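Enquirer: Generate a structure from the sequence data that follows.
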Amino acid sequence: MIEKFRKYAKVGGALFVILGIVGMLFPTFMTLGTLAFVSYLMLFAGVSSAMLTWVSNRNDWVGWLKSFILIAVSLYMIFYPMAGVATLGLLFSIYFFMDAFAGFGVAFSAEEKAHKWVWFFNAISSLILAVIFIIDWPFSSLWLVGFLVGISLFFDGIALFVGGSALSALEEEQKETENE
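Expert: Residues are numbered from 1 along each chain as shown. Predicted coordinates for the structure are as follows:
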């Protein structure tokens, strides 16, 4: 089992690294790919929610409203991709602002702790990213979303690859304990 996971972790890690590099070099394409993924995921969620509401309780207006909103927003993002990209950029900015405020809160509540600087660094970097998104907002979203997704995929790929490589040592330890 470990051998199979190790193999797939390395393959997946390599693919993520390649996708991350492509996303950083061609951020517009990665943005549009991310938009398509999110849009179709929302469409699937809306249709699934509608089916569940139909089967479980047809009089549940909240279930129908949720389904309608998911389907409407996903179709809007599919048929008007630039507005969808701007929406994704705004969502990223809101996320980074919230992450910055939470990071500052943790940093200020960690009185005289050695790791306080890590939370300040996290908060400041999130605040910088949020401001970068907001400064040139709808226009910067076209390349920033794809660039950040590319960076994330790149580091996820490295983590998967390193994790898969670390499993080799774990597998050796497991074989040694079985032989004893």
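Enquirer: average pLDDT across the longest helix belonging to the chain?
Expert: The helix of greatest length in the chain, counted in residues with DSSP state H as the criterion, is given as helix 137-179. Rounded to a whole number, the mean pLDDT of helix 137-179 is 79.
Enquirer: elements contacting that helix?
Expert: The criterion is 3 or more C-beta pairs under 8 Å, 6 or more residues apart in numbering; DSSP states H and E, and the helices and strands that helix 137-179 contacts are helix 2-25, helix 27-56, helix 81-109, helix 116-135. All C-beta spots, glycine's among them, are computed from the backbone N, C-alpha and C.
Enquirer: Determine which of those helices shows the lowest mean per-residue pLDDT.
Expert: Mean pLDDT is lowest for helix 116-135 out of those, coming in at a mean of 82.
Enquirer: So which bits of it are buried?
Expert: Of the residues in helix 116-135, those buried under the neighbour-count criterion (16 or more other C-beta atoms under 10 Å) are 119-120, 122-123, 126-127, 129-130, 132-133.
Enquirer: List the contacts of L15.
Expert: L15 makes contact with G157, according to C-beta atoms under 8 Å, 6 or more residues apart in numbering.
Enquirer: what's the answer for I158, then?
Expert: Under the criterion of C-beta under 8 Å, 6+ apart, the contact list for I158 reads 13, 17.
Enquirer: G33 and L142: what is the separation?
Expert: Shown here: G33 relative to L142, a distance of 13 Å by C-beta to C-beta, to the nearest Å.
Enquirer: Tell me which of those two has more neighbours.
Expert: The residue with more neighbours, out of G33 and L142 and counting by other C-beta atoms under 10 Å, is L142; that gives 20 against 17.
Enquirer: Quick check: that one touching G84?
Expert: No. When contacts are counted by C-beta atoms under 8 Å, L142 is not listed as touching G84 (10.8 Å).
Enquirer: before we move on, back to that, between the buried residues of helix 116-135, which is nearest K7?
Expert: Distance from K7 was checked for each of the buried residues of helix 116-135 by C-beta to C-beta. The minimum falls on N122, at 33.7 Å.
Enquirer: Spit out the contact partners of A130.
Expert: When the contact criterion is C-beta under 8 Å, 6+ apart, the partners of A130 are 93-94, 96-97, 100.
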